[in-house]
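Visitor: Requesting a structural model of the entry that follows:
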Amino acid sequence: MKIAIAQLDYRIGDFEINTSKIMESIGDAKSKNIDLIVFAELAVCGYPPKDFLEFKDFISLCEHYIAKVAACCDGIAAIVGGPSINPALKGKALYNSAYFLKNGKINKVIHKTLLPNYDIFDEYRYFEPNRNFECIELNGRKIALTICEDLWNIIDDPLYIENPMDHLIKESPDFAVNIAASPFSYSHDAMRTEILKKNALKYKIPVFNVNHTGAQTELIFDGNSTVVNQNGDIYKLGSFREEIKYFELDDVKKARDFGNYIPRDKSELIYHALIEGIKGYFQKLGFKKAVLGMSGGIDSAVVLALAAKALGKENVMAVMMPSPYSSQGSVSDSTDMIKRAGVAFQTIPIDAAMQAYDSMLKPAMEELPDDITEENIQSRIRGAILMALSNKLNLILLNTSNKSEFAVGYSTLYGDSIGAISVLGDVYKTEVYELAKYINEVDRDIIPLNIIEKAPSAELRPDQKDIDTLPPYEILDQILFQYIEQRQGPAEIIALGFDMELVFRICKMVNMSEYKRFQAPPILRVSDKAFGSGRRLPIVAKYLG
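Guide: Predicted structure coming up:
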């Protein structure tokens with residue numbers, strides 16, 4: 001049996017484009033005498049469709065286009081993900097389903113059993129879980145058809161009561177197919193690979209997994225669709241790209257010309273993911289050009305390098321907005337970075353605006369001494385300038401704040417927290433430095449060494465350094481990682497050897513900054529626990545507050 005897996009980039013709600021890609025792939029596979037071609041979870045409508053699933057018209061369009069795809073499955077079979085209506089009077093209105101198409105029609109519909117309801121997933125909000133288990137058949141072969149999470153309950157501490165494969169294996173399937181919408185994080189592919197391998201080894205059958213690629217707002221899909229044979233040999237499709245790969249089932253079982261899995265470096269993964277995230281956001285919304293503020297620091301330099309790579313240098317504008325506190329080094333470093341990147345730029349000093357604000361506000365502020373208020377005004381002046389250029393020149397503003405800053409509130413509302421999409425909001429400051437070094441390895445030292453080596457500073461007052469307000473990032477980021485990603489409380493973090501007073505202070509800063517993050521732009525997700533829909537905490541709360 002010849003099997004194709006189609007790893008494609010879908011757009012949520014763009015049924016015409018999605019089904020055109022699907023049908024074109026079916027046609028190509030048919031010309032190669034392929035028996036079965038497999039597409040990803042909810043491929044027909046894109047993932048995650050969220051509350052679009054509550055619109056009857058949206059579901060009707062899904063049904064219409066699935067029927068359209070089925071009609072072209074003559075002489076070839078296909079598996080395509082899409083929602084289906086639950087006919088029962090009780091339960092959720094929909095199933096998350098895999099449509100088995102052959103002979104020009106829908107042959108069978110298999111529903112997802114295990115519905116993730118954690119982190120960025122919210123599937124039980126919309127879907128009813130499957131309770132009936134059966135394999136599908138094609139050309140005398142039995143196929144255990146599963147959907148994403150259905151294979152994940154094989155871990156030592158299972159999250160669900162059911163394990164769909166334990167039911168399906170009773171029918172002695174020849175192989176398993178798993179259609180997925182498995183978002184990227186820098187540790188996820190290794191975990192996903194291990195899960196698929198465990199299934200293949202436990203049930204002693206090959207597993208064919210197909211994933212999405214591309215980006216949907218903050219979610220990035222890395223592709224990396226995977227085939228594992230019964231011996232645990234692993235073959236992967238490419239990362240962050242569309243690809244269709246053809247397999248002969250007997251060759252997979254015998255491991256002929258098979259097995260290519262090599263784990264990749266964390267910075268390399270983050271680099272490609274962020275480029276994919278920027279490209280996806282701009283292309284799918286019809287945007288072309290970006291603008292960002294250049295401070296002379298590491299964050300804006302990294303974002304500039306990524307944006308130029310993702311969008312093309314001709315589509316990026318950098319804006320320098322020096323104040324009386326900007327060092328000559330920051331200005332010259334920004335100029336050097338802009339020249340290396342080859343992007344357009346503007347220089348707009350903010351001295352006059354600062355003086356105007358001071359004059360306007362002095363009567364109302366009763367001549368109180370300067371404090372953080374004046375620092376925030378500088379940031380908001382810069383934000384207003386960037387938004388003015390965005391409006392006037394039709395440029396999309398990229399946010400340049402990193403995860404460490406978002407975590408502890410070291411960003412100004414309506415100032416450096418603004419933007420249409422946050423590029424580094426899920427990358428800690430120490431990781432930004434690692435990423436900068438990797439970028440310089442692959443992109444001809446585009447980031448000046450001065451920017452990488454200088455002490456970080458917001459430059460909002462004379463001789464200011466981040467370390468005046470925050471602990472060294474090498475320490476801060478370790479505490480933040482334990483608190484945010486690992487969900488460790490203060491006592492557990494202190495037990496790791498960190499100073500008690502510092503731990504309580506940092507955890508309190510994270511909690512007290514929730515209201516700022518609630519108003520932040522969408523953040524490209526690259527970790528297992530990003531700020532945004534995957535981390536839901538109350539704004540008004542007392543815990544460590």
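Visitor: Quick check on Asn107: phi, psi?
Guide: Backbone geometry at Asn107, expressed as degrees, to the nearest 10, gives phi -90, psi -40.
Visitor: Quickly list what the residue nearest to it when sequence neighbours are not counted is bridged to.
Guide: Nearest in space to Asn107, with sequence neighbours left out and distances taken as CB to CB, 6 or more residues apart in numbering, is Phe100 at 4.8 Å. (C-beta placed from N, C-alpha, C; glycine too.) In this structure, Phe100 bridges to Ile79, Lys108 when assessed by DSSP bridges.
Visitor: Distance of Phe395 relative to Lys339?
Guide: Wrong residue type there; residue 395 is Leu, not Phe. Distance of Leu395 to Lys339, given as CB to CB, to the nearest Å: 20 Å.
Visitor: Of the two, which one has the most company?
Guide: Just comparing Leu395 and Lys339: by other CB atoms under 10 Å the higher neighbour count belongs to Leu395, 22 against 11.
Visitor: Contacts only, for that one.
Guide: By CB atoms under 8 Å, 6 or more residues apart in numbering, the residues touching Leu395 are Lys289, Ala290, Val291, Met317, Leu389.
Visitor: Not including adjacent chain positions, what is the nearest residue to Asn130?
Guide: Distances taken as CB to CB, 6+ apart place His111 nearest to Asn130, at 3.7 Å, with adjacent residues excluded.
Visitor: Would you mind measuring from that neighbour to Ser332?
Guide: Spatial separation of His111 from Ser332 under the definition CB to CB is 61 Å.
Visitor: if I read this right, the residue nearest to Asn107 contacts Glu134, doesn't it?
Guide: No: because the distance of 10.9 Å does not satisfy CB atoms under 8 Å, Phe100 is recorded as not touching Glu134.
Visitor: The two: who's more crowded?
Guide: In this comparison of Phe100 against Glu134, neighbours counted by other CB under 10 Å, the higher total goes to Phe100 at 23 against 13.
Visitor: Roughly how far does the residue nearest to Asn107 sit from Pro263?
Guide: Taking CB to CB as the criterion, Phe100 is separated from Pro263 by 34 Å.
Visitor: Spell out which residues are contacts of both of Phe100 and Glu134.
Guide: When contacts are counted by CB under 8 Å, 6+ apart, the set common to Phe100 and Glu134 consists of Ile110.
Visitor: Flag the shaky bits of the stretch 301-450 of the chain, pLDDT-wise.
Guide: The stretch 301-450 of the chain contains no residues with pLDDT under 70.
Visitor: give me that answer again for 90
Guide: 329, 366-367, 444 (pLDDT under 90).
Visitor: Run through the strands of the stretch 51-200 of the chain in chain order.
Guide: Counting by DSSP state E, counting those that start in this stretch, the stretch 51-200 of the chain forms strands over residues 77-85, 94-102, 105-111, 136-138, 141-147, 175-179, given from the N-terminal end onward.
Visitor: contact partners of the last one?
Guide: When contacts are taken as CB under 8 Å, 6+ apart, the neighbours of strand 175-179 outside the stretch itself are 38-41, 43, 79, 81, 98, 141, 143-148, 150-151, 165, 168, 196, 199-200, 203, 205-210, 249, 252.
Visitor: for the third one, same thing?
Guide: Here strand 105-111 makes contact (CB under 8 Å, 6+ apart) with 66-67, 70-71, 73, 77, 84, 95-101, 128-130, 132, 134, 136, 145-147.
Visitor: Go again with 7 Å.
Guide: Outside strand 105-111, the residues within contact range by CB atoms under 7 Å, 6 or more residues apart in numbering are Ala70, Ser84, Tyr95, Asn96, Ser97, Ala98, Tyr99, Phe100, Leu101, Asn130, Ile136, Leu145.
Visitor: out of those residues, who's nearest Ser187?
Guide: Ser187 lies nearest to Asn96 out of the contacts of strand 105-111, by CB to CB, at 24.9 Å.
Visitor: Please tell me I have it right and that closest one contacts Lys112.
Guide: Yes: with contacts counted by CB atoms under 7 Å, Asn96 reaches Lys112, the gap being 4.1 Å.
Visitor: any residues in contact with both of these two?
Guide: With CB under 7 Å, 6+ apart applied, the overlap between the contact sets of Asn96 and Lys112 consists of Phe127, Ile147.
Visitor: Looking at those two, which has the bigger crowd around it?
Guide: Taking other CB under 10 Å, Asn96 and Lys112 do not tie; Asn96 has more neighbours (28 against 25).
Visitor: can you tell me which residues contact the more buried one?
Guide: When the contact criterion is CB under 7 Å, 6+ apart, the partners of Asn96 are Leu42, Pro83, His111, Lys112, Leu115, Glu123, Phe127, Ile147.
Visitor: Looking at these, spot the one nearest Phe258.
Guide: For the contacts of Asn96, the minimum distance to Phe258 (CB to CB) is 24.8 Å, reached by Ile147.
Visitor: Tell me, how many residues neighbour the closest one?
Guide: What Ile147 shows, counting by other CB under 10 Å, is a neighbour count of 28.
Visitor: how far away is the nearest residue to Pro263 once chain neighbours are set aside from Val228?
Guide: Closest residue to Pro263 apart from its sequence neighbours, by CB to CB, 6+ apart: Ala190 at 5.9 Å. Note on Ala190: its distance to Val228, by CB to CB, is 14 Å.
Visitor: how about the contacts of strand 105-111, which pair is most distant?
Guide: That would be Ala70 and Asn130, which, of the contacts of strand 105-111, are the farthest apart (CB to CB) at 20.8 Å.
Visitor: Point out where this structure drops to low pLDDT.
Guide: Applying pLDDT under 90 to the chain picks out residues 155-157, 255-259, 261-263, 329, 366-367, 444, 456-469, 542-545.
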